[in-house]
Every structure is written in C-alpha cells, then in structure tokens.
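>>> Mind looking at a prediction? Sequence and model below.
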Amino acid sequence: MHRIGVIADDFTGATDIATAYASAGFRTAVFIEDAVAREEAADADVLVVALKTRTAPREEAVAASLDALRDLRRLGCERFYVKYCSTFDSTDEGNIGPILDAAAAELGAARTVVVPAYPDNGRTTYLGRLFVGDQLLEESPMREHPLTPMRRSRLRDLLSPQTGRAVGEVHLPAVHAGPEALRAALDALPEGYAVIDAVENADLRTIHRATRDDLLVSGGAGLALGAAGGSGTAAGSGADDAAGTSAAGEDASSGAAPVPPFPPLEGRSLVVCGSASSMTRAQVADAMRSHPTRALTVDRLAEEAAAEVDDVAAWIAGADRAAVPVVYSVATAGDLRHDAAAAIEDALAELARRAVAEGGVRHLIVAGGETSGAVTKALGIGRLDIGPRISPGVCWSRARTRAGESIDIALKSGNFGTEDMFSSAWKELGEA
Ligand SMILES: Nc1ncnc2c1ncn2[C@@H]1O[C@H](COP(=O)(O)OP(=O)(O)OP(=O)(O)O)[C@@H](O)[C@H]1O
Ligand SMILES: O=C(O)[C@@H](O)C(=O)CO
C-alpha cells in the first residue's frame with residue numbers, strides 16, 4: 001500500500017482524522033509539528049502531522065505545511081491529505097487556499113478535491129453549500145466564531161478569495177453515479193479545486209474510491225472515514241483498500257472499529273476548555289451539575305495573568321482528588337473578550353502543564369483546536385499514539401511529555417463530543 005501523509009491545520013483536527021484512519025484499521029501516529037522532522041522510520045501506515053496553522057500568518061502557515069510535506073515524503077509517504085476543519089474555518093485572508101496551492105505545486109497535483117463533509121458530525125455538502133446539522137454554515141453558531149466567523153456557506157465562495165486557481169463543483173448526482181463516473185466528472189473539470197457534495201458516509205466512500213490514486217486530496221476527516229471498508233473493519237483491511245482492492249461488506253455505517261484501551265495510568269484527571277463553541281458551552285453547563293468548575297477571569301489576564309494562573313492552579317490542586325475539575329473561559333457568548341485569545345491559550349496551557357508536572361494529572365481533556373495546540377506545546381508532546389474513540393472525531397491518545405510523564409490526552413474539537421462528555425469520556429480509559 002501507499003503510506004499516507006496527512007497535514008492537519010490544528011491539533012484536534014489531527015486526532016480527528018487519526019481516529020478515523022485508526023478506526024478504519026490503519027496503523028496511525030500523530031506527530032506534533034516539527035517532531036516529524038526528527039523521526040527516522042515511522043512505524044505506521046498513516047502519519048499525521050499536527051500543525052497550528054489555521055489562523056497563523058499566511059507565510060508561516062505555508063512554510064510549516066511545506067516542511068511537513070517534505071518530511072512526510074522523506075518518511076516514504078506517497079499520498080497526501082490536507083486536513084482542515086469540517087466547517088472550513090478560515091477567513092478570506094486565510095490559509096486553506098495557500099496551503100493547498102503550495103502542496104499541489106510541490107506534488108504536481110493538477111486537481112484536488114475539497115471535501116469538508118462529515119455526516120457523523122452533522123456536516124454535509126449539498127449543491128456546493130456546507131450545512132451544519134439542518135443549518136447552512138452561515139446560519140450556524142460558526143457565524144460567531146471568535147477567530148474565523150463563517151458568514152458564507154458556498155465553499156466556492158469561501159475558497160476562491162484564498163486562491164488564484166479555479167474552484168469547480170461536483171454535485172450529488174455525479175457522486176451517486178459511482179466512483180468511475182465521478183472520476184470522469186472530476187477529470188472533465190478545469191485544473192484547480194473540485195468541491196464535491198456528500199451527505200452520507202456512502203458518498204464519502206464513493207469519493208474515496210474515485211480519488212484514491214490522487215497524490216493530494218483535502219477535506220475534513222470524513223473522507224478518511226471513506227477509506228473504511230464497512231462495519232467491523234479488521235486491522236489491515238482499510239490499508240488494503242487504500243492499496244486499491246475494494247473491501248467487502250460495505251454498508252452505510254462509517255466502518256468504525258474499536259481501538260483497544262491502553263494499559264491504565266494512575267493519576268488525577270482534568271478538563272481545560274478554551275473553546276467558545278456551542279457544544280463546548282453545553283458540555284461546560286453539563287459539567288457544572290456534577291464537577292468542580294471554575295471560569296478563568298479573562299478580564300484579569302491582561303494585567304495580572306500570573307496571579308490569575310496561580311489562583312486557578314491552587315484551585316485545581318485543592319480539588320477533591322477523586323473529582324474531575326473543569327476550567328473554562330466561556331460559559332455564554334457574552335463572555336467573549338476582544339483580543340483575549342492568546343492570553344487565554346497561554347493561561348490554560350500553563351495550568352495544564354502545572355497540573356501534570358506538579359499535580360499528578362495523567363488524564364486530560366482539552367476542548368478547542370487552538371487551545372489544544374497551546375496545551376500540547378506547553379507539555380512538550382512530540383507524538384500521540386491513537387487509542388480508544390470517545391465519539392465521532394474524538395479519541396484518547398497516549399503521549400509522553402517533555403519531562404517524561406506518560407499521559408492520556410483527548411483533544412476535543414469545539415463542536416464535537418456529547419454533552420456529558422466531561423463525565424463520560426473516562427470510561428473509555430477503563431475508569432468510572
Ligand atoms: N472568553 C474569551 N474571549 C475571547 N477569546 C476566547 C475566550 N475564550 C476562548 N477564547 C479563544 O477562542 C479561541 C477558541 O479556539 P479553539 O480552536 O480553541 O476552540 P474552537 O474554535 O471552539 O475549537 P475547534 O477549532 O476545535 O473547532 C482560542 O484562541 C481561545 O483562546
Ligand atoms: O474537522 C473538524 O471539524 C475538526 O477536526 C476540526 O478541525 C475542528 O478544529
């Protein structure tokens with residue numbers, strides 16, 4: 001089979017696509033940023049590089065993505081996947097177009113598909129428009145995202161300002177006509193990008209089949225689920241599918257197969273949330289009923305960040321050892337403060353670092369992609385090994401920190417997970 005290299009523009013996105021591939025039977029590892037450059041012979045079928053490029057300055061984002069692409073090629077990857085958000089999080093000045101342009105030029109890829117659809121998480125594409133559940137993207141809560149407010153829904157309109165290349169659309173009937181017809185429809189488009197409709201997992205499998213020989217594909221994690229052979233996919237069968245043989249037993253499910261739990265790690269548990277997304281807010285509200293919860297005093301961070309971090313760190317340390325403290329920065333949309341994002345990321349990252357280094361925390365949930373990037377970097381994690389799935393797109397990973405502690409960490413995309421996740425996710429680790 002061809003080894004697959006994935007470049008993800010945020011850290012939750014990296015574990016999202018990694019859990020999709022792992023569930024499909026691929027041996028999958030996630031490398032944090034330039035940790036991949038130090039890797040000599042990766043022992044996986046799918047290598048995912050987690051970058052923090054979604055909202056980075058454009059030149060930096062493109063340079064980091066090209067570096068990752070070259071490292072992945074050096075490690076033997078021959079097929080590439082640029083992973084962005086299933087809600088296409090970006091601005092007109094944003095980075096999806098420039099990263100795709102650079103990767104396509106580097107690989108000599110004439111056409112690249114654009115497939116954010118992820119039906120298991122309610123993201124579908126129809127007539128080139130992205131929906132979140134039953135709402136157009138521009139009518140969904142993503143409209144008010146603090147970093148990338150999404151005010152349009154037609155993917156062509158979102159991508160075109162970010163690239164000079166043509167952006168075409170392939171609608172559902174061409175997908176339903178099957179992989180060969182879809183391939184023909186794609187080949188008939190001008191060179192550039194092709195936004196493809198997909199409303200269910202079967203569509204993603206068709207798109208996967210039609211594009212599995214492409215050097216470069218792009219999307220959310222849904223297209224990786226399209227590589228799953230069907231329900232009950234055994235380890236290895238997804239890999240066979242990638243090599244070009246179709247897997248037996250396909251059905252309308254995403255083909256998720258359980259990844260076994262890790263050997264248990266002794267230690268305390270903690271949740272840190274820097275996400276303002278509606279699902280994270282619902283999860284925080286749910287946690288308020290049964291967990292010790294504490295809001296960061298965001299207004300204090302500008303003047304007295306160190307004192308605020310000390311106070312919250314003391315609160316975490318003083319919490320009942322059997323309880324799971326939850327620290328958050330947004331309870332309601334009214335809590336958003338202009339220009340506070342970086343200070344909040346720094347504060348939450350430092351709190352997580354101290355909790356692991358000094359407080360014996362070994363199980364950590366981080367909510368929010370940018371927040372996950374900050375926390376993972378502060379902990380000095382280089383590689384994540386993918387473990388049990390918590391819900392679509394969310395999994396436990398085992399990692400080693402810079403200081404040598406082993407921890408279990410779940411990087412949760414803002415809108416992913418069930419409302420009771422901060423109470424229920426621990427059972428996937430074999431805990432109450
Ligand atoms: N009260 C607040 N005021 C202003 N910015 C905030 C506040 N709380 C959090 N933020 C910032 O909002 C951003 C949220 O982005 P993040 O990627 O972590 O979450 P998300 O967008 O919900 O998740 P994902 O990218 O996984 O969908 C972070 O930079 C965070 O620091
Ligand atoms: O694709 C998604 O929705 C997520 O993996 C993500 O990238 C959110 O940060």
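Ah, there it is. Ligands and ions are numbered 1, 2, ... in the order given.
>>> going forward, measure contacts between C-alpha atoms and count neighbours the same way
Fine.
>>> which other helices and strands contact the top strand by length along the chain?
Selection of the longest strand in the chain by residue count, based on DSSP state E, yields strand 383-391. Here strand 383-391 touches helix 11-23, strand 28-32, strand 394-400, going by 3 or more Cα pairs under 8 Å, 6 or more residues apart in numbering; DSSP states H and E.
>>> Can you add mean neighbour count and give these back as TSV?
Converted to TSV, the helices and strands packed on strand 383-391 look like this (neighbours: other Cα atoms under 10 Å):
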stretch	mean neighbour count
helix 11-23	31
strand 28-32	25
strand 394-400	24
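>>> Just give the closest residue to Tyr93, not the sequence neighbours.
Quick fix: residue 93 reads Glu, not Tyr. With Cα to Cα, 6 or more residues apart in numbering as the criterion, Glu93 has its nearest non-adjacent residue at 6.3 Å, and that residue is Gln162.
>>> on that earlier part again, among the helices and strands packed on strand 383-391, which comes closest to Leu215?
For Leu215, the closest of these is helix 11-23, at 17.5 Å, according to Cα to Cα.
>>> can you give me the helices for this structure?
Taking DSSP state H, the helices of the chain run over residues 11-23, 58-74, 96-107, 155-159, 172-176, 179-187, 201-211, 222-225, 237-243, 278-288, 298-318, 341-357, 369-379, 421-424.
>>> Can you tell me which of the ones you listed is nearest to ligand 2?
Nearest to ligand 2 among the helices of the chain is helix 11-23 (3.2 Å), distances taken as Cα to the nearest ligand atom.
>>> Kindly export that closest one (C-alpha atoms) in PDB.
C-alpha atoms of helix 11-23 as PDB (Å, rounded to 0.1, in the frame of the first residue of the first chain):
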ATOM      1  CA  PHE A  11      -4.300  19.600  16.700                       C
ATOM      2  CA  THR A  12      -7.900  18.500  17.400                       C
ATOM      3  CA  GLY A  13      -8.200  18.100  13.600                       C
ATOM      4  CA  ALA A  14      -5.100  15.900  13.700                       C
ATOM      5  CA  THR A  15      -6.600  13.500  16.200                       C
ATOM      6  CA  ASP A  16      -9.900  13.700  14.500                       C
ATOM      7  CA  ILE A  17      -8.500  12.300  11.200                       C
ATOM      8  CA  ALA A  18      -6.100  10.000  13.000                       C
ATOM      9  CA  THR A  19      -9.000   8.300  14.900                       C
ATOM     10  CA  ALA A  20     -10.900   8.000  11.500                       C
ATOM     11  CA  TYR A  21      -7.900   6.200  10.000                       C
ATOM     12  CA  ALA A  22      -7.300   4.100  13.100                       C
ATOM     13  CA  SER A  23     -10.900   3.000  13.200                       C
END
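>>> wait, does that helix contact ligand 2?
Yes. Counting by Cα under 6 Å from any ligand atom, ligand 2 has neighbours in helix 11-23: 12-13, 16.
>>> from those, which single one is nearest ligand 1?
Nearest to ligand 1, judged by Cα to the nearest ligand atom, of the residues of helix 11-23 next to ligand 2 is Thr12 at 5.6 Å.
>>> Run through the residues that contact the closest one.
Contacts for Thr12 (Cα atoms under 8 Å, 6 or more residues apart in numbering) come out as 368-369, 372, 394, 411-413.
>>> swap in Gly369?
Here Gly369 is in contact with 10-13, 275, 411-414 (criterion: Cα under 8 Å, 6+ apart).
>>> So which of those reach ligand 1?
Checking these against ligand 1 by Cα under 6 Å from any ligand atom, the ones in range are 12, 275, 413-414.
>>> Need the max-distance pair from the residues you listed.
Thr12 and Ser275 (11.4 Å).
>>> Return the residues of the stretch 151-300 of the chain in contact with ligand 1.
274-277.
>>> Any idea how many residues pack against Ala110?
Ala110: 15 surrounding residues under other Cα atoms under 10 Å.
>>> Contacts only, for the closest residue to it other than its chain neighbours.
Spatial nearest neighbour of Ala110, chain neighbours left out: Glu191 (5.4 Å); criterion: Cα to Cα, 6+ apart. Applying Cα under 8 Å, 6+ apart to Glu191 gives the contacts 110-111, 165-166.
>>> Can you pull out the low-pLDDT segments for this structure?
Along the chain, segments meeting pLDDT under 70 span 229-257, 431-432.
>>> tell me the domain ranges of it?
As assigned by automatic domain parsing, the chain contains the domains 4-254, 268-429.
>>> can you give me phi and psi for the residue in the stretch 151-300 of the chain that ligand 2 sits nearest to?
Ligand 2 sits closest to Gly220 of the stretch 151-300 of the chain, with a gap of 4.5 Å, by Cα to the nearest ligand atom. Torsion angles at Gly220 (phi, psi; degrees, to the nearest 10) stand at phi -80, psi -160.
>>> hmm, stretch 376-392 touching ligand 1?
No. Residues of stretch 376-392 are not located near ligand 1 by Cα under 6 Å from any ligand atom, the shortest gap being 12.0 Å.
>>> chain center to that stretch, what's the gap?
Here stretch 376-392 is found 11 Å from its chain centre; the criterion is Cα atoms, centre = their mean, to the nearest Å.
>>> Ok, stretch 17-32 next?
Worked out by Cα atoms, centre = their mean, stretch 17-32 lies 11 Å from the chain centre.
>>> same question, stretch 292-305
The answer for stretch 292-305 is 27 Å, by Cα atoms, centre = their mean.
>>> how long is it from one end to the other?
22 Å (Cα to Cα, to the nearest Å).
>>> buried ones in it?
In terms of neighbour count (16 or more other Cα atoms under 10 Å), stretch 292-305 has its buried residues at 292-294, 296-298, 301, 305.
>>> ditto for stretch 85-92
By neighbour count with 16+ other Cα under 10 Å, stretch 85-92 contains the buried residues 85-91.
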